[in-house]
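A.B. asks: Here is a sequence with its predicted model. Questions after.
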Amino acid sequence: MTSTDLGMPSLGTQGVPRLDPEAPAQTKKDFTSDQEVRWCPGCGDYAVLAAVQGFLPDLGLRRENIVFVSGIGCSSRFPYYLDTYGMHSIHGRAPAIATGLATTREDLSVWVVTGDGDALSIGGNHLIHALRRNVNMTILLFNNKIYGLTKGQYSPTSDVGTVTKSTPVGSVDHPFNPVSLALGAEATFVARTMDSDRAHLTQVLKAAAAHRGTALVEIYQNCPIFNDGAFQLIKDRDEGRARLAHLVDGEPVRVGEDHVVVRDGSALRVVPEATADPSDVVVHDAAAPEPTQAFALSRLDDGTMSHVPMGIFRQVDRPTYDDQVRAQVDGARAAAGGPAGDDDLQALLLGKDTWTVTG
Amino acid sequence: MSSKPTRRLDRVVIRFAGDSGDGMQLTGDRFTSDTAALGNDISTLPNFPAEIRAPQGTLPGVSSFQLHFADHDVMTPGDAPDVLVAMNPAALKANLADVPRGSTLIINTDEFTKRNLAKVGYAVSPVDDESLASWHVHSLPLTTMTVEALADYGLTRKEKERAKNMLALGLLSWLYSRPLEGTEAFLRAKFARAPEVLEANLTALRAGHAYGETTEDFAVRFEVAPAPMHAGTYRTLTGNQAMALGLVSASHRSGLPLVLGSYPITPASDVLHALSTMKRYGITTLQAEDEIAAVGMALGVSFGGGLGVTTTSGPGLALKSETIGLAVATELPLIVIDVQRGGPSTGLPTKTEQSDLLQAMHGRNGESPLAVIAAQSPTDCFDAALEAVRIATTYRTPVILLSDGYLANGSEPWPVPEVADLPDLEVEFATRPNGVDDKGEPVFHPYARDEATLARAWAIPGTAGLEHRIGGIEKADVTGHISYDPDNHDRMVRLRQAKIDRIADTVPPLEVEDPSGEAKVLVLGWGSTYGPISAATRLARAAGTPVARAHLRHLNPFPRNLGDVLRRYERVIVPEMNLGQLAMLLRARYLVDVRSHTAVRGLPFTSAELAEVLHAQALDLQEVPS
């Protein structure tokens, strides 16, 4: 129980010091470190880095109050290329480290950069617990459906049958759908975007940064070396147009130009708009209290990329873990009349059951 | 006042033993508090099964609490009980071997039913045959006496029976002239919302006391005079309570908000419980999803400029290894408290052992040095916690603080210190650039080091102009850029080791206690063996064997004079509750042929056992031609 009324969650960056309005505007250059970027030529990570460097100045936050924490993997080199505070940690543990940091420091904008192996394999436990706790941080999950840094083994998002060095006759384990997983963990903000769509990526990142709580953004990202073309079906202009469902809050969910998503019992189905009963057409409601419809939308893609929803699946308000933890401490201090002084600590050390020995 | 004669004793060891559900730990705790308040010195040893409720009346379900109190300073919970209170046949059977013949047994005969006797393999009740003839036996129907004393209460029989531990406590309080007021006040607080249960417990407590006073079964009562203690205000503390208070005090004295990341694990959980009640002191506790997350959260806190702490036991330390390695590489302060228990694997969760020393020293990949210290008594956990924080924040390093199950649950009197007398742990964060770049512009170098300590600057997020990236991948000396350069790696590995070695600059020299100045045998210990070794040394000296004694707080790095101390003695004996882990380190480091004495029974050494070892080693030395 918290003794402080937290009210409705506020902006994700509330509490983080902002730039002086008089100060010269920040640019992409301010967020670019002096380190040489060492991803493979053609890697999707470049596009995401460029989008993040380009978009961070728009937040208007003081650069020193932004922290990027990553795990291990190609994408986890991300913090080195940003001139903010950063920690390149160990495999899978970034959400745990970021939880400690975000909980102690309300004045920081905390970002986690992770990949499909880092977040969903070795770090799966930390990811789901960060999501259920709703710690105020933004998680960028680069999904390339492959292990890149260890040179090409299949990952927990690889399709069944993926042939790699460690699965010469094809992988047999069923993949995770990261969006379904996050919704199952009742994440309060879940979105999907793509490395090659700069405008969409930036738009989703902005919404994620504005969200107070854990925001999970799955970014489809191409690995040109070990899994080239994994998302080609939806990156191709014509194919993509027919397969993508851009989620717009309050609008009917459309796939391509002439199909819509309709309710079919407890599941969803894609049908030609012309044959759809208008009352069955699904209207996207990102703020729905239950994640049920968002989850059903996440299941539209059965792995064949026939129908791939993109955008914000879910965006709901729920008190954050870090705000509540701080409120308990602040509440206890306020109830006791302020921060503890020497006398208060002395009383604690003495306890209630003492005796005195006279010399 | 009692009408019976009172005999004065200088020391008494009592063991309360019963079923896990009989409330023996509570009974022992209360007797401890009331005894401490009388001014006796005390040491306690709770001993309980890992199962919450093992099958009733069975040997695995026996829970006991031993306390040793005296009119002089006591070092251990006592080797052998003078009195065993056995609430059922299992408690008798499990403990009788520890009770010397001639000592007193107080037995609850109500529980000595055919069925209960059969459960532990007694064909005939030992109360009825001659098998207990060498002990002084008081056979009492404690359960019936309790139920009868509570005849007027509208409670069920089961509820009434539950108060039998209070009746036993009342009787023992009479027998050893302990006041009841402390326990009465405790019960009033505990059962404030259940007035009838409160009254029943008070009645049972007083009935036990009155029984001692009136029955002919007890002809004399005993008293133990207060121990001479330094003037001051005292309280009793367990090791886990002392640890929590030490951490809070370190937070206060450093000005750093303390955040504990922890996953529940026996026997460390009580530190989490205690700290979770201290929010008023700015303490935050995060119960993590696992041991790895717990230490990860703590490291995130340290990165943010807080005091990151994690508490665990051996299996948890194993899980935290990789993150502790990250703390070594990122050179951030981190406090890791390992309350050791019997291993390997799950081992003996509720029993004590010192077998994580080598794990603490070396249980990480790569050359991964860090500071290791150990607490030596329950209340010493307080000072050890402050010392851990001093080292961690001064040298920007993880510190593993080793406690163990015996210290965690054992208790002793503690002279409460003045807050103003506690060490000043204030830290300074970096606020400005500490170097220049190629163009001569001021720049922050995260891996530039302090000349004296070799610590790198602690620059926390939110500090303008010091933006930097750290991580587990090897960093270039000074600049902190990623570096695969062979010479740089060699230099960084050596720098990290040198930094830990530098801690010895601020570690006091090891003190040796050798009153006669003639000892040829040195007994060297670390951690919770302090009490038994000290007591054994006294016994040996009293028997005419001069023995020198020293005890290590700092295990990495060792005090600078340790090698000299070891070489000064013809024989060095190292008792450990493991198979010789410190002995191995000493041999490797100093090429001294130390003799290891080891036992891993899940229990502390007895002083008699160690005294015998010391005596035998001294004799052996005399026979060796020099």
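C.D. replies: Perfect, thanks for sending it. Residues are numbered from 1 along each chain as shown, chains lettered A, B, ... in the order given.

A.B. asks: rest of the way, CA atoms for contacts and neighbours
C.D. replies: OK.

A.B. asks: Below-threshold pLDDT in the stretch 401-550 of chain B: ranges please.
C.D. replies: Scanning the stretch 401-550 of chain B for pLDDT under 70 picks out no residues.

A.B. asks: which residues sit in contact with residue B:246?
C.D. replies: By C-alpha atoms under 8 Å, 6 or more residues apart in numbering or on different chains, the contact set of residue B:246 is B:381-386.

A.B. asks: For the stretch 1-150 of chain A, which residues are neighbours of chain B?
C.D. replies: Counting by C-alpha under 8 Å from any C-alpha of the partner chain, the residues of the stretch 1-150 of chain A lying close to chain B are A:35, A:63-67, A:79-80, A:83-90, A:93-94, A:96-101, A:104-105, A:107-108, A:125-126, A:129.

A.B. asks: please redo it, this time with the cut-off set to 7 Å
C.D. replies: Contact residues, the stretch 1-150 of chain A versus chain B (C-alpha under 7 Å from any C-alpha of the partner chain): A:64-65, A:79-80, A:83-90, A:93, A:96-101, A:104-105, A:126, A:129.

A.B. asks: And the residue of chain A that's closest to chain B?
C.D. replies: residue A:100 (3.9 Å; C-alpha to the nearest C-alpha).

A.B. asks: Can you verify my assumption that that residue contacts residue B:302?
C.D. replies: No. Residue A:100 sits out of contact with residue B:302 when judged by C-alpha atoms under 7 Å, with a separation of 8.5 Å.

A.B. asks: would you list every one of the strands in the stretch 101-250 of chain A?
C.D. replies: All strands of the stretch 101-250 of chain A, identified by DSSP state E, counting those that start in this stretch, fall at A:109-115, A:137-143, A:189-194, A:214-220, A:244-246.

A.B. asks: Direction included, what does the second one pair up with?
C.D. replies: If I follow you right, that is strand A:137-143. Within its sheet, and counting by DSSP bridges, strand A:137-143 is paired with strand A:109-115 (parallel), strand A:214-220 (parallel).

A.B. asks: Kindly present those as JSON lines, with separate columns for mean pLDDT.
C.D. replies: What follows is the strands paired with strand A:137-143, written out as JSON lines (pLDDT from 0 to 100):
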{"stretch": "strand A:109-115", "mean pLDDT": "98"}
{"stretch": "strand A:214-220", "mean pLDDT": "98"}
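
A.B. asks: would you list those strands in TSV and tack on mean neighbour count?
C.D. replies: Compiled in TSV, the strands paired with strand A:137-143 are given as follows (neighbours: other C-alpha atoms under 10 Å in any protein chain shown):
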stretch	mean neighbour count
strand A:109-115	28
strand A:214-220	27
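
A.B. asks: In JSON lines: those, plus distance to residue B:8.
C.D. replies: Shown next, in JSON lines, are those (distance: least, C-alpha to C-alpha, whole Å):
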{"stretch": "strand A:109-115", "distance to residue B:8": "67"}
{"stretch": "strand A:214-220", "distance to residue B:8": "67"}
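
A.B. asks: Check the offset of whichever helix or strand residue B:233 is part of from the chain's centre.
C.D. replies: Using DSSP states H and E, residue B:233 maps to strand B:232-238. In this view, strand B:232-238 has its centroid 15 Å away from the chain centroid, taken as C-alpha atoms, centre = their mean, to the nearest Å.

A.B. asks: go on, stretch B:236-246?
C.D. replies: 9 Å.

A.B. asks: So what's the model's average confidence on it?
C.D. replies: Averaged over stretch B:236-246, pLDDT sits at 97.

A.B. asks: Alpha carbons of that stretch, as CSV, please.
C.D. replies: Taking C-alpha atoms only, stretch B:236-246 is exported to CSV below (Å, rounded to 0.1, in the frame of the first residue of the first chain):
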residue,chain,number,x,y,z
THR,B,236,20.7,-7.9,22.0
LEU,B,237,21.0,-8.4,18.2
THR,B,238,21.2,-11.2,15.8
GLY,B,239,23.8,-11.1,13.0
ASN,B,240,21.1,-10.3,10.4
GLN,B,241,19.7,-7.5,12.5
ALA,B,242,23.2,-6.1,13.1
MET,B,243,23.9,-6.3,9.3
ALA,B,244,20.7,-4.3,8.5
LEU,B,245,21.6,-1.7,11.1
GLY,B,246,25.1,-1.5,9.8
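
A.B. asks: how about it: buried residues?
C.D. replies: For stretch B:236-246, burial by neighbour count (16 or more other C-alpha atoms under 10 Å in any protein chain shown) applies to B:236-246.

A.B. asks: Over to stretch B:271-282?
C.D. replies: B:271-272, B:274-276, B:278-282.

A.B. asks: cool, and stretch B:512-521?
C.D. replies: Buried, per 16+ other C-alpha under 10 Å, within stretch B:512-521: B:513-514, B:519-521.

A.B. asks: which two from the residues you listed end up farthest apart in space?
C.D. replies: B:513 and B:520 (12.4 Å; C-alpha to C-alpha).

A.B. asks: can you list the domains in chain B?
C.D. replies: B:6-223, B:236-421, B:521-623 (automatic domain parsing).

A.B. asks: Pick the most buried one from these.
C.D. replies: The highest mean neighbour count among those, using mean count of other C-alpha atoms under 10 Å in any protein chain shown, belongs to domain B:236-421: a mean of 24.

A.B. asks: Return the distance of that one from the chain's centre.
C.D. replies: Using C-alpha atoms, centre = their mean, the offset of domain B:236-421 from its chain centre is 12 Å.

A.B. asks: Please apply the same query to stretch A:136-143.
C.D. replies: How far stretch A:136-143 lies from its chain's middle: 3 Å, per C-alpha atoms, centre = their mean.

A.B. asks: residues in contact with that stretch?
C.D. replies: Residues from elsewhere that reach stretch A:136-143, judged by C-alpha atoms under 7 Å, 6 or more residues apart in numbering or on different chains: A:12, A:75, A:102, A:110-116, A:208-209, A:212-221, A:320, A:322.

A.B. asks: go with 8 Å
C.D. replies: A:12, A:75, A:98, A:102, A:109-116, A:119, A:157, A:208-209, A:212-221, A:320-322.

A.B. asks: Same check on stretch B:440-456?
C.D. replies: Contacts of stretch B:440-456 (C-alpha under 8 Å, 6+ apart): B:331, B:394-396, B:432-437, B:457-459, B:465-468, B:470, B:476-480, B:495, B:498-499, B:502-503.

A.B. asks: before we move on, what about stretch B:3-10?
C.D. replies: Residues outside stretch B:3-10 that contact it (C-alpha under 8 Å, 6+ apart): B:70-72, B:213, B:219-225.

A.B. asks: Restricted to strands, list those residues.
C.D. replies: Counting by DSSP state E, the part of the contacts of stretch B:3-10 found in strands is B:70, B:221-224.

A.B. asks: of all those residues, which two lie farthest apart?
C.D. replies: Spatially, the most separated pair among the ones in strands among the contacts of stretch B:3-10 is B:70 and B:221, at 15.6 Å (C-alpha to C-alpha).
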